[in-house]
Every structure is written in C-alpha cells, then in structure tokens.
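Q: Fold the following and give me the result.
(4 chains)
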Amino acid sequence: MDAKELIARRVAREIRPGMLVNLGIGLPSMVANYVPANSGVFFQAENGVIGLGARPPEGMEDPHLTDAGGGFVTAVPGAASIDSAMSFGLIRGGHLDVTVLGGLQVDEAGRLANWKVPGRMVPGMGGAMDLVTGAARVIVAMQHSAKGVAKIVPECSLPLTSTRRIDLIITELAVIEPTAAGLVLREIAPGVTLDEIHSQTTARLTIADDLREMPLG
Amino acid sequence: MDAKELIARRVAREIRPGMLVNLGIGLPSMVANYVPANSGVFFQAENGVIGLGARPPEGMEDPHLTDAGGGFVTAVPGAASIDSAMSFGLIRGGHLDVTVLGGLQVDEAGRLANWKVPGRMVPGMGGAMDLVTGAARVIVAMQHSAKGVAKIVPECSLPLTSTRRIDLIITELAVIEPTAAGLVLREIAPGVTLDEIHSQTTARLTIADDLREMPLG
Amino acid sequence: MKAPLTAEAAAALVPEGSSLMIGGFMGVGSPERLIDAIVARGIQNLTVIANDTAMPGKGIGKLISAGAVSHLIASHIGLNPETQAKMISGEIVCELVPQGTLIERIRAGGVGLGGILTPTGLGTEVEEGKRKITVEGRDYLLETPLKADFALIGAWQADYVGNLCYLLTAHNFNPMMALAGATVIAEPEAIVPVGVIPPDGVKTPGVLVDHLVIRG
Amino acid sequence: MKAPLTAEAAAALVPEGSSLMIGGFMGVGSPERLIDAIVARGIQNLTVIANDTAMPGKGIGKLISAGAVSHLIASHIGLNPETQAKMISGEIVCELVPQGTLIERIRAGGVGLGGILTPTGLGTEVEEGKRKITVEGRDYLLETPLKADFALIGAWQADYVGNLCYLLTAHNFNPMMALAGATVIAEPEAIVPVGVIPPDGVKTPGVLVDHLVIRG
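A: Just a heads-up that it's a prediction; the model follows:
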C-alpha cells in the first residue's frame, strides 16, 4: 500500500454514517474511495453540491457539475445544488461535520498552514480558511515530511490558515491529535518505529498512554 | 370620488412601467387597482412574492399564496417566489423602486412615523423600517389629517420609522414633497383651497412656484 | 435516511423552557401539526422566535393562547390581540425587531457570522442599547446573531434524506431557520422517495434536517 | 419584458475602467460569450471581482490573458499561472479574500448591509488593516460590502422578464452577484416564454436583471 492510499484509508475510518464531509483536492479527495457507498455519508464540494458522486464515465460528463478542482463528477440520489452563499453558510455555520485538508505545516498549538509559501506559491486561500475555521472537525491528511523537511513543527513558519486548533493529523507514519496540552501521538503505522517518527518531526510529541498500531482497511 | 380612491389614483401616476413596487396594507394596497395591467409593473409582497396578482375567485384560493396582510392573492406570469432573506435583501439593497406606505405623522424633515402609538398601539414594525430605509423611493399615502388632528407636523411626536427623508406625501388634499429645505406643496386636489390645507397642517409648507391642480385618472 | 416521526413523538423532543424558531408568516408555512402537538403537551416557558404570532387559533397563535410562551422575538404582533395583551400585562417578554433585521439575525446565527451591520433602525427606538459602527462614512447598527434549540419548519415536499422545498409565499422564514436551529424538525406536506426532488429544486439541504414529521 | 441583446451589444455597454463581478467557478457558470465579446473590444483597466480566474483560454482567464484586468479581487488564482505571474510582476493588483468572506461581502453589497462579522481570517494575514469586533466574548473581523458597476451572470434558463435559474454547480457566485451589480447582464443558455419557469423555480428574480444576452 503506498503512502497516499494508507493515509486515505485511515482518514476514511474517521467518517461515520450520515456525516456531511468536505474533501480537499489532491490526497484528501482519495478518501471517498474508502467510504462505503451505503454509509449515508454526503460529500460536499464547496463550489456548490451536496452529494458529490464518482467521476462519470467518459462521454457522460456534464459541464455544469464539477468538484472544487474543476473535475467532472456526478451527483448521488438525494443530492442538492447550492450557491456559494449557502455552501459557505454550511461551512462557517458549523453544519459541516468533517473537512479533510492537505497541509504544509501543523504546529504544536495544532495550527495549520496550507495556503501560501511567500514568494513561491501564492494561489490564494480559496475556501481553506473558512473550512478550517468553521467545520465541526478538521482532519489534516498529509505526508509526514517533505523531502526530509519536517512539516509537524514547533511553530508554523508559513502563514497560518486559521488559529483554530485542528482535530487530527493523519500521515503515512502516524496519527497525531493536537490537544490543549500539545501534540499527542496516538497511533503508529504498521512497521514504523518511534525513532522514524521523531526523526521526521521537529514538534514535541507526547506519546499517548494507549498508543496503538494504526488500524486500516 | 372618495378620499381613498383619489389618493390611490394619484399615487398610481407615480408608478412607471417596469418598476418593482411594494404596497402597504390598507389604503396603499388600493393603488394596484389604478396601475394598468400591461405596464410591466411588478408588485412585491414582503412575505415573499414578486408579481402579486389580484385576489383569486372564491374557491380558487391557495393557502400558500397570500400577501403580507394574510389575504389570498394570485401570481402574474413571470412571478417569483422568494424567502424572507431575499425579500428584505431586495428591499434593503435598494432594488425596490417604490414603496407606498400609510402614515401616522410626517414632519418638516420628511421623517415618517407609522408603526407605534406608545401605550395604545404596539403592533411591531414588521417590514416598515426596512421599507422606509431601503426603498429607492418612499411615498406616504394617507388622509391629510385624523379627526381634525394634523398628521403633517413640525416634528413627529410619535416614534420614528426611519430618519430617512421620504420622497412624497400624497393625501386627499395635496401632494407635498419633503426637500432639504422643508416641505414643498406641489399640488392641490380639485376644489380644495390653500386655506383648507393650512387649516389641517401644522407643519410649515412652502408653496411651489409651479403649484398645480392634482392630476388624476 | 430519516425515519419520520409522528407529530407527537417530535413534540416530545422539545423540553419545557426551550427556545424555538418557528417558520411561517401569518400562519402561512407554519408547521401546524407540530404546534398542535406542543400545545397538547402543555409545556410552558418557551422562547419563540418568529416573524409574527398569526392570530388566535392559527399557527403560533395557538401557543400564545395556551400560555406556552414566556419570551417572544418577532417583527409584528398587530393581528394577534392576545399577544399584545400578554405583552402589555408582562406575561410575555417581547422583543420587537424589524423584519429584515430579524431574518438577517437568524441567517447570521445559521451561517456562523458574528453579526451584521444594517442601516435599518438607525435614529429610532430600535437603536437603543446597540453599537453603531461607521463604514465608509455611513452609520450602521450592529445586529447580533440569533440561534435556537429547535427550528420547527413547515415545508411542502421532503424526501427521506430530509431535502425540503417550499411553495410560493410559504417559504418566508423557513429556509433560514433551518440553518439556525440546533435541532431541526421539519413538517412537510408530503414525503417523496429520494431522487424525486431534483438537486436544483432543493431549498433546504437534507443535511440540515434532523427529524421529519409524517403526513397527517 | 426585456429584448435580448447580442453579446457584442451587451459588451459595448461596459466602459473601459469599469468594475465587473463575473460569475463562475473555474469557468463553470461563467458567461463565456460576454467575456469573449469584451475581450474582442480590447478594453483595459477593468476591475474584476470573481471567485477565481479559471485557467488560460477559459472564462475569466481570457480577460487575464488579454491584459484587460488591472485589479482583481478573488479567492483563488492557483490554477491560472498567468494571473499569478501578472500579480507578482505588479501588472495586476490583486486582493485575495477567503471564499466564504468574498461571497458574503458580495451579498452584503447586494442586500444593503454595511458589513458582516466573520471569524474567518482571524489571526492570519487576512486580518491586516481590518477592524476586530467582539460579540458575546468572541472576536470577529469586520468585512465590508462589495459592489460593482456591472454583474455578468452565467445562467441556464431565463424568461423574457429576466427571471433566471441555474444548473447544479453552475450556481456558485451568480445569484449573489446578480444582487450586487449596478447593471446586471445575464447570459442564459436558453430564453423561454414568460410563465415557463414556475415561481418556485426562479433563483434570481427578473427585476434584478437589466439585460439578457441572446443565445449564441
């Protein structure tokens, strides 16, 4: 199993029947592949659909139905079209149960930076700031480090997306929960050692008393 | 022609083709009877319809289609249903071309009081404050005085509906325009004398240079 | 998928002392059977947030007559003399709010805003006790968000996911209240299979609705 | 009733230096023919308010490539490298706004609010230069309204009164922008006789729409 699939599978376990879920583009969007179709989960795309379905077969795309990345999607039975005011009303108003987003950095206070690398990448924050501020639960799904550089750090050096403490970090190595007392290491991926995690993490980690192996599947 | 019909006919002349118009309950609602059906005017009821039509024939009422007073209405071709947020968005946002409202008092500053008589009538302001604050043009349609007591006064003694200067006062005696320099008497109803107007008005009135007889019909 | 409740079972979810947003405009679009079931329970001390209290014997007017309401936030009570009498006697503490401000406060509560700035009410009794904020040289009143323990919604069609649509002037306060209740109970006139309401016909997404009431 | 204009005639209404709100999300729901006609005019110095600038060759991306835009207010430009390059070079002055804040600012402009209070952006770069206001113990940023000289709307069906409806994710910014443009020009995919769109199917009331563009 590659790193991205492992992360997506573990994130999927956080999603319970009936939830309203927003998946960011890239890795987070893979999570949908591991949520059972009969779970009653509704995926929202912030550009305006609740009940996002799989990519349509070739030749059956509708140019009026895309996800937030502009890719063609379908709608599941019971889907609803909404405009951007309603879409972000749901997000900011706490009606979104979970958002899964990628990350550039998360720090010991549980703060996420994921929208800007000054001087290098200035794409705009899109919906990220509203999602992180408003969702009932924020899960950051990302590779543990970037080409040897830690992404889980004492304090974000990149511009923050929100000062809100996110709820969970899921990487190919570990599951880490930001708490008021700092970052708590809750799970280790199969075959990974504590040393490997520490070597790729500059933030201080507290080891949970009930540290366990990451459940997948 | 009775006083109310005269007022309604004169108000109708202020309404031009294609306008969006809100008529208050009571006397103002009679104005619709004098606006040609083919004028492209859309009447809005603030409870949520644009394109209010006449009262339906008996037995053809729909309990889901009423005006702001709760009376059964119909919808004209091209009508739109809207919720209260959109309805007052149109009103507050300046999209309503004209509102016609009843009045208890209007003063020399052109300020309207029409929602409360302390200790006697406390119905709540409903949509009146938003209508007077937001409409592009506010016309007050009312009897000139109430049982001998002037309603066009130096300064409102009743609680104000808004500090916005309304655009026109139309009574069975006169048409008066509030301006930055005070109230200007623009028209006199057929057969009415200046003395009669002054005797029923405590506010100071400037007589327009081009004072004319009120056109009707 | 939501298994619909009887109006009685839904009303039983509402504890005495709760705050309720109730849709409807002069009773049009109000959830009548839910209101009847709450009246039948005989609970008191409810806070009601609604445009109006209809009239005695209709919609929210039934809750007023039953003595169930101790606090009221509304824009207009002029057509219900009982509400006026109970306000004057002090039996009901009543906050009167301009209609456009009331719907924006409900929306703000529902969409996570800390408030909105409106020109409505400036220089009138409505501004008493409120902050004035100047933006680009114009004054506005800061109006704060409203939320409630429950939103009781009158709808036309629902599907079993909870998607709702409304008819004509029966929309009124319902769509915004469905955003602002901690628990949202919808009373539709009909419940149709999932897929019958097209995505573009949905006015309130089902994810906002906690409970559906069965047809009467 | 509104006599529809050609895209060219509609584009000719837009003077150089105007501010334009343009609907669409990555081009979905954008008025492509109007955009093409504005590009063909060769005008410059436009201020564009939009969620994004799509990508080169699509939607608002065409206006960027043509050098027509000097100011941009948007939430995301990451998929259009030309926009990023022009922002970095200073050719386009760009204000980046969180998407939820952008749509609320447009709505506020359209519905006559003086601003809204949002928690989004607190403690980030977004709060620079903005007022913080505390309501019930929580801090919020005061975000001010946006309006524009023109709103260019991409719709699905229109009728000749100007009522509009939208399909699926092609709603996005269009309905709110139709409230916030001083002149509103709608480009529908089809125009149907008055009465075909039922009152409950209207998403943008025709009274907001000044001009309709004929089918391409």
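
Q: count of residues packed around residue 43?
A: This is for chain A. Per other CB atoms under 10 Å in any protein chain shown, the neighbour tally for A:F43 reads 23. C-beta here means a position set from N, CA and C on the backbone, and glycine is covered the same way.

Q: You answered for a different chain; I wanted chain C.
A: Neighbours of C:I43 under the rule other CB under 10 Å: 18.

Q: And for A:V98?
A: Counted with other CB under 10 Å, residues neighbouring A:V98 total 22.

Q: That one contacts A:V140, doesn't it?
A: No - the criterion here is CB atoms under 8 Å, and A:V98 misses it with A:V140 at 11.6 Å.

Q: Can you identify each of the helices in the chain by residue range?
A: If you meant another chain, say so; for now it's chain A. With DSSP state H, the ranges of helices along chain A come out as A:3-12, A:84-92, A:128-134, A:194-199.

Q: Let me rephrase: I mean chain C.
A: C:7-11, C:32-41, C:60-65, C:81-89, C:99-111, C:174-180.

Q: Contacts for the shortest one, please.
A: For helix C:7-11, the external contacting residues (CB atoms under 8 Å, 6 or more residues apart in numbering or on different chains) are C:33-34, C:36-38, C:40-41, C:185, C:187, C:211, C:213-214, C:216.

Q: Go ahead and build a PyMOL selection from the buried members of these.
A: The following PyMOL line selects those of the contacts of helix C:7-11 that are buried, judged by 16 or more other CB atoms under 10 Å in any protein chain shown:
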select buried, chain C and resi 33+34+37+38+185+187+211+213
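
Q: Spit out the contact partners of the nearest residue to A:A12 once chain neighbours are set aside.
A: Of all residues not flanking A:A12 in the chain, A:Y34 sits nearest, at 3.6 Å (CB to CB, 6 or more residues apart in numbering or on different chains). Going by CB under 8 Å, 6+ apart, A:Y34 touches A:8-9, A:11-12.

Q: cool, and A:L131?
A: Neighbouring residues of A:L131 by CB under 8 Å, 6+ apart: A:22, A:24, A:46, A:91, A:96, A:99, A:101, A:138.

Q: quick one: which two of the residues you listed are the most distant?
A: Taking CB to CB, the two most distant members of the contacts of A:L131 are A:E46 and A:V138; they sit 14.1 Å apart.

Q: And residue 191, what's its pLDDT?
A: Reading this off chain A. Note for A:G191: predicted pLDDT of 94.

Q: right idea, wrong chain: chain C
A: 97.

Q: So which of the contacts of A:Y34 is the closest to chain B?
A: Using CB to the nearest CB, A:V11 comes nearest to chain B of these, at 35.3 Å.

Q: Do you know the pLDDT at the residue of chain C most remote from its centre?
A: If you look at how far each residue of chain C sits from its centre, by CA atoms, centre = their mean, the farthest one is C:G137, at 34.4 Å. Per-residue pLDDT puts C:G137 at 96.

Q: Can you verify my assumption that C:A148 contacts C:G181?
A: Yes - with contacts counted by CB under 8 Å, C:A148 reaches C:G181, the gap being 5.2 Å.

Q: anything in contact with each of these two?
A: C:M21.

Q: quick one on the thing from earlier: what's the closest of the helices of chain A to B:T163?
A: Once the helices of chain A are compared by CB to CB, helix A:84-92 is nearest, at 29.9 Å.

Q: what's near enough to touch residue 170?
A: In the absence of a named chain, chain A is used. With CB under 8 Å, 6+ apart, A:I170 has these contacts: A:7, A:10-11, A:14, A:139-142.

Q: right idea, wrong chain: chain C
A: By CB under 8 Å, 6+ apart, the residues touching C:A170 are B:64, C:24, C:28-29, C:154, C:156.

Q: now swap in C:I22 and tell me
A: C:30-31, C:35, C:48-50, C:59-60, C:151-152, C:177.

Q: Swap in 10 Å and give it another go.
A: C:29-31, C:34-35, C:38, C:46, C:48-51, C:53-54, C:59-60, C:63, C:74, C:148, C:150-154, C:173-174, C:177, C:181 (CB atoms under 10 Å, 6 or more residues apart in numbering or on different chains).

Q: same deal with A:P123?
A: Listed by CB under 10 Å, 6+ apart, the contact set of A:P123 reads A:115-117, D:52, D:75-81, D:83-84, D:96.

Q: Chain B: which of those residues is nearest?
A: Checking these against chain B by CB to the nearest CB gives D:S75 as the nearest, at 21.8 Å.

Q: what's the neighbour count on that closest one?
A: By the criterion of other CB under 10 Å, D:S75 has 28 neighbours.

Q: contacting residues for A:R137?
A: A:14-15, A:19, A:21, A:96-100, A:166-168.

Q: Between all of these, which two are separated the most?
A: Farthest pair in the contacts of A:R137, by CB to CB: A:M19 and A:I166, 17.0 Å.

Q: Between these two, tell me which one has more neighbours.
A: It is A:I166, of A:M19 and A:I166, that has more neighbours when counted by other CB under 10 Å, with 23 against 19.

Q: quick one: pLDDT of the more buried one?
A: 98.

Q: What count of nearby residues applies to residue 95?
A: In the absence of a named chain, this looks at chain A. 22.

Q: not quite, I wanted chain C
A: As a burial measure, C:E95 scores 12 neighbours (other CB under 10 Å).

Q: tell me the contacts of the residue nearest to C:K147 when sequence neighbours are not counted?
A: Leaving aside its chain neighbours, C:K147 sits nearest to C:G109 (4.0 Å; criterion: CB to CB, 6+ apart). The contact partners of C:G109, by CB under 10 Å, 6+ apart, come to A:93, C:21, C:49, C:115, C:144-148, C:176-177, C:179-181.

Q: Let's see which of those end up in strands.
A: C:21, C:49, C:115, C:148, C:181 (DSSP state E).

Q: got a list of what the last one touches?
A: If I follow you right, that is C:G181. Listed by CB under 10 Å, 6+ apart, the contact partners of C:G181 are C:19-22, C:49, C:106, C:109-110, C:147-153, C:208-210.

Q: With the first one instead?
A: When the contact criterion is CB under 10 Å, 6+ apart, the partners of C:M21 are C:47-50, C:73, C:106, C:109-110, C:146-153, C:173-174, C:176-181, C:184.

Q: Likewise for the second one?
A: Counting by CB under 10 Å, 6+ apart, C:I49 touches C:19-22, C:71-74, C:95, C:97, C:102, C:105-106, C:109, C:146-148, C:151, C:173, C:177, C:180-181.

Q: For the spatially most central residue of chain A, list each beta-bridge partner.
A: What sits nearest the mean C-alpha location of chain A, by CA atoms, centre = their mean, is A:V100, with 2.2 Å. Going by DSSP bridges, A:V100 is paired in beta bridges with A:L23, A:I139.

Q: Against B:N33, how distant is the residue in chain A sticking out farthest from the centre?
A: No residue in chain A sits farther from the centre than A:G59, which is 30.5 Å out by CA atoms, centre = their mean. For A:G59, the distance to B:N33 equals 57 Å [CB to CB, to the nearest Å].

Q: Please apply the same query to A:G182.
A: A:G182 is 73 Å from B:N33, by CB to CB.

Q: before we move on, the earlier item: which residues do A:V98 and A:V140 both contact?
A: Both A:V98 and A:V140 are contacted by A:11, A:167-168, under the criterion CB under 10 Å, 6+ apart.
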